[in-house]
Structure formats: structure tokens, C-alpha cells
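Student: Can you look at this prediction? I've put the sequence above it.
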Amino acid sequence: MRPLDKGIPPKDYSDHSDAKPGLKARNGPFCAYCEMPVRDLGYVDHVHPLANGGAELDWSNFLLSCFFCNRTKWDNNQNRQGYLWPDIDNTDLAFEYNKQFIIKPLATLADEPKQAAQNLINLTGIDRTADDSSLKDTRWRNRNEAWAKAEAMYEAWQTGLNQPGLRIAIPEVAHSTGFYSIWMAVFATVPEVQNAIRQKFPNTYQQVDEHGRRIVRPGALI
Ligand SMILES: [Zn+2]
């Protein structure tokens, strides 16, 4: 899951829905949870739900969300405790993606972050398939399209032909298709393309240590 650096509030808000343009400008027009493009749609999700005492107008309590993640999550978390969050944790280190199992916590995680990663999957339903989605929940279809596009681009890259051109084109296709983590998974063995994609998705948290390894975010579970 793409870890997000949301930065400081762009402005003060008197209505939480006014934060939508600011969230899209800061981190791109993607659901923070399932990573589906939301473009002209999308919701300002109160990470800590209002009904459970979350702050209504606080930038730090906002994440851009698709309808399905927002609706599945609903008021089901009492607060942020016990879950990983893309604006707090280095969620890049927490999940693995695959067409068969969709998304799951990395097997190598310690017990606490592993449970918190699984709790976020359960809270948002981002591992739903066509079989267990209601007909209205189209996240699986968009996700499968992203896998198909990413794999086609990977095949094109593997031919070795026009890689300089593909290095420009692939991030553009990835950005319009969304599902950042799927692109990262498909191009796992091609760091130069991964880096080009990462740069196309604004303000992706990418703190690394002196050896280039991802580090745990300060104050986070991972
Ligand atoms: Zn979503």
C-alpha cells in the first residue's frame, strides 16, 4: 500500500468535503486504501470516524477514499489503534500483492504490525474478489485491469526494445490506471522503472536509511 506523505494542511476547512482537491493535489487522485483512481469522484474519509469521536475538520484525519472503501470502512473502527494507515505507517513494508491472493500482510512482519495490516484489509474489504463483492463493488474489476496493463507493460519492457521510451510511457500508464502497489509488484525486479513510477505518484513516502533500505516511520508501527 502506497505510504503517503500528506504534509501540512493546504488551508483551513469549514466543510470536510472541501479537502478533496487538496488531497488529490497532494497525493494524486487515488483511493488511499485500495489505490483505485477516483478522479472526479472520491470521498474525504474520516480515518477516525466522526461517529466515534474523530475530528471533523482536521487535515490529519482525512484520507482520499473511493466509495467502496469509505462505505465498507464506515464507522467500524473505534479509532486508529490496531490498524496500519498509509499516512502514518510505512505501508510499503507491510503488504504483498498477487493476482491470486490479492493482498496480504507480509509473512515476515512481527505479530503486531501483521495483525494491524490484516485489520486494515478487513476494515476496508480491499481483498474482495468478484465472488464476494456485491455487483456494485467494482474494485476487483478495476484491480484486474491494472494487473493486465502492468503485466503487458512488463512484457514490453522484457523485449528490451525501446526501453528509454517505455521508461517515459510506463509511469504515465501506471498513473492513469492507478493501483500503485500492483505496478510495484509487477516491476519488482526493475528498480529503474519502479523509481520512475514512484516519482509520478506525488508525495509517496520513501524514507530510506544510508543503505537505501526502507525504515520504519517515526512513531509508527512500521
Ligand atoms: Zn478504495
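Tutor: Alright, I've got the coordinates. Numbers count the residues shown, from 1 in each chain.
Student: got the residue ranges for the helices in this structure?
Tutor: Here the chain has its helices, by DSSP state H, at 20-27, 67-73, 111-124, 139-158, 163-177, 180-186, 191-200.
Student: Tell me the residues on this structure that lie near the ion, please.
Tutor: Contact residues (C-beta under 5 Å from the ion) of the chain with the ion: C31, Y33, C34, C66, C69. Yep, even glycine has a C-beta here, placed from its N, CA and C like the rest.
Student: Tell me how many other residues surround the second one.
Tutor: Put plainly, it is Y33. Neighbour count of Y33, defined by other C-beta atoms under 10 Å: 27.
Student: Number the residues from 556 up from this point.
Tutor: New numbering, starting at 556: the last item is Y588.
Student: Would you check that my belief about it contacting F622 is correct?
Tutor: No - if you go by C-beta atoms under 8 Å, Y588 and F622 don't touch, sitting 11.5 Å apart.
Student: now the residues of the chain next to the ion in a markdown table, with distance to F734?
Tutor: Below are the residues of the chain next to the ion laid out as a markdown table (distance: C-beta to C-beta, whole Å):
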| residue | distance to F734 |
| --- | --- |
| C586 | 9 |
| Y588 | 12 |
| C589 | 8 |
| C621 | 11 |
| C624 | 13 |
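Student: from the residues you listed, which single one is nearest N653?
Tutor: Proximity of those to N653 (C-beta to C-beta) peaks at C589, which lies at 15.2 Å.
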